[in-house]
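Q: sequence first, predicted model second:
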Amino acid sequence: MFLQRRRLSSVTKNDPKRWFEVVFKDGSSGKFPFVWLRDVCLDPKNYSIGPAMRARIPMMKDFDVTVSPCSHSVKSSGLGITWSDGHQSFYPTSWLKSRNLSDSKVLSSRKSQYLKDTVVWNENLIKKLPVKVDHNEFISEESGVKKFLDAVCRDGIGMLVNGPQLDVEEHQNVVQKIGDRIGLIHQTHFGEIFSVCTKPDASNMAYASGKELPYHTDFPSLSDPPQLQFLHMTQPAKVGGKSMFVDGFQVAEILRKHHKWAFETLSKTYLEFIEIGYDMHEKNGKEKKFDFRMMSQQKTISLRGDGTLKKVQFGNAMRSWAFATDPEEIQLVYDALKLFTDLCYRPENQLVFEMKKGESVLWANTRLLHARSAYDCDPGVPRVLHGCYFSWDIVKSRLRLANSRVSQDNDVI
């Protein structure tokens, strides 16, 4: 039955249109342009395929875009072509069917590889979040990586539970192991792996005290802020310190639907964010002071060309006095920011939970805003987390690998 569905029924060559029209035995059909077939021919002269690289060999400057088939042959197993440049190609039926650009299912399947099917939160979904994956399954099984990163891509957040119960100084190694399991950690001016705890010379509001932290995204002061943030609970507070999240995409869509003026204001107005100070990094076994003076402009709501949501960024602590808008519009901007913030704090829009020792959470920093409730600790027993950042490219690359390993499908070209 499988082979029957994969067989070719007919192939018609259309010289004026410069394509082959292929009809498969299952009745589906597709148009395959001459130039495209010659370009994508999987041949050692055309592609370098190995464990470390898959790349097209011919250069575009040498490619003949007027290349035509001199002859072709049709077999149940595929289509053979002899080209005007002398090259001979063979395209298996299954290969043609899985790359049929006339087939909406093929296009939809290819689109899914970009892992952009996000699910915007609502009150019912929030009750089911975050998706929890066992720490050891994530470390040892590809299925664990798939579950965890699937949740992060779809929901904007995922959680690892039942993590190791170690001394405080050992937990940085846990974060490094998780980072290595995902891929490359995104380095910022706080280094690769950082600790979050109260410090006398705080370089970030999270380090300043145990007071409540307001909803924000990290690093709106950077032109290219890290897209995902990871935190691992090393030592919880005695009381309080709950983790709080809100889906910025949900808030933006509420504004778009019910408060269009605010949505338009926040999606067109650039705010300025600055971050000035220093942080201490360990380098070659020695502490090194790193001074920084970060400065950038961001829209609170950023849209793609088609109007869909691209990212949400805001951090009131780092917002400067400068506005990239007319003074007459500034009151409107404040009104919109206030409404945006009020929506963040509505109970039905918030995900609030208490992280236990050894638990970890990874979330989309340019989608979700996060906050922290106030906390108290016993003397000498501070609340400590360790964290790092990732880019979507690394996380999605790792998820594609996990998907292919779980399904044992390596056909990506």
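A: Arrived safely, thanks for sending.

Q: low-confidence stretches in this structure?
A: 1-6, 198-209, 410-413 (pLDDT under 70).

Q: tell me where it has helices.
A: With helices called from DSSP state H, the chain shows them at 2-6, 34-39, 93-98, 104-112, 123-126, 135-140, 142-155, 171-182, 205-208, 248-258, 260-268, 330-344, 392-407.

Q: to F290, which of those lies closest?
A: helix 205-208 (14.9 Å; C-beta to C-beta). (C-beta placed from N, C-alpha, C; glycine too.)

Q: tell me how many other residues crowd T12.
A: Here the number of neighbours of T12 (other C-beta atoms under 10 Å) works out to 12.

Q: can you tell me the closest non-neighbouring residue to it?
A: Sequence neighbours aside, E21 is the residue nearest to T12 in space, at 4.6 Å (criterion: C-beta to C-beta, 6 or more residues apart in numbering).

Q: how far away is the one you found from S28?
A: Going from E21 to S28 by C-beta to C-beta, to the nearest Å gives 12 Å.

Q: okay, domains of the protein per the record?
A: 2-103, 123-403 (automatic domain parsing).

Q: what's stretch 185-198 in contact with?
A: 172, 175-176, 179, 203-204, 206-210, 219, 222, 226-228, 231, 234, 279, 281-282, 290, 292, 294, 382-391, 394 (C-beta atoms under 8 Å, 6 or more residues apart in numbering).

Q: off-centre distance for it?
A: 19 Å (C-alpha atoms, centre = their mean, to the nearest Å).

Q: equivalent analysis for stretch 112-120, please.
A: Remark: stretch 112-120 is offset 9 Å from the chain centroid, using C-alpha atoms, centre = their mean.

Q: can you list contacts of that stretch?
A: 125, 153-156, 247, 249-250, 253, 367, 396, 399-400, 412.

Q: thinking again about what came up before, which residues does the residue nearest to T12 bridge with?
A: Residues in a beta bridge with E21, per DSSP bridges, are T12, K31.

Q: next, count neighbours for it.
A: E21 has 15 neighbours, counted by other C-beta under 10 Å.

Q: ok, and which of the domains of the chain has the densest surroundings?
A: domain 123-403 (a mean of 17; mean count of other C-beta atoms under 10 Å).

Q: tell me how far the residue nearest to Y278 when sequence neighbours are not counted lies from L343.
A: Closest residue in space to Y278, ignoring its immediate chain neighbours: D291 at 4.7 Å, by C-beta to C-beta, 6+ apart. Taking C-beta to C-beta as the measure, D291 and L343 are separated by 37 Å.

Q: N365 and Q227 touch, don't they?
A: Yes: if you go by C-beta atoms under 8 Å, N365 and Q227 touch, sitting 5.9 Å apart.

Q: what's the overlap in contacts for those two?
A: Residues touching both N365 and Q227 by C-beta under 8 Å, 6+ apart: Y389.

Q: contacts made by stretch 390-399 with the rest, please.
A: For stretch 390-399, using C-beta under 8 Å, 6+ apart, the contacting residues are 114-115, 145-146, 149-150, 152-153, 179, 182-186, 226-230, 362.

Q: only alpha carbons, please: show that stretch as CSV.
A: Output in CSV follows, covering the C-alpha atoms of stretch 390-399 (Å, rounded to 0.1, in the frame of the first residue of the first chain):
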residue,chain,number,x,y,z
PHE,A,390,19.6,31.4,25.2
SER,A,391,18.6,32.4,21.7
TRP,A,392,15.7,31.0,19.8
ASP,A,393,18.0,29.8,17.1
ILE,A,394,19.9,27.5,19.5
VAL,A,395,16.7,26.3,21.3
LYS,A,396,14.8,25.6,18.1
SER,A,397,17.8,23.9,16.5
ARG,A,398,18.0,21.6,19.6
LEU,A,399,14.2,20.9,19.4
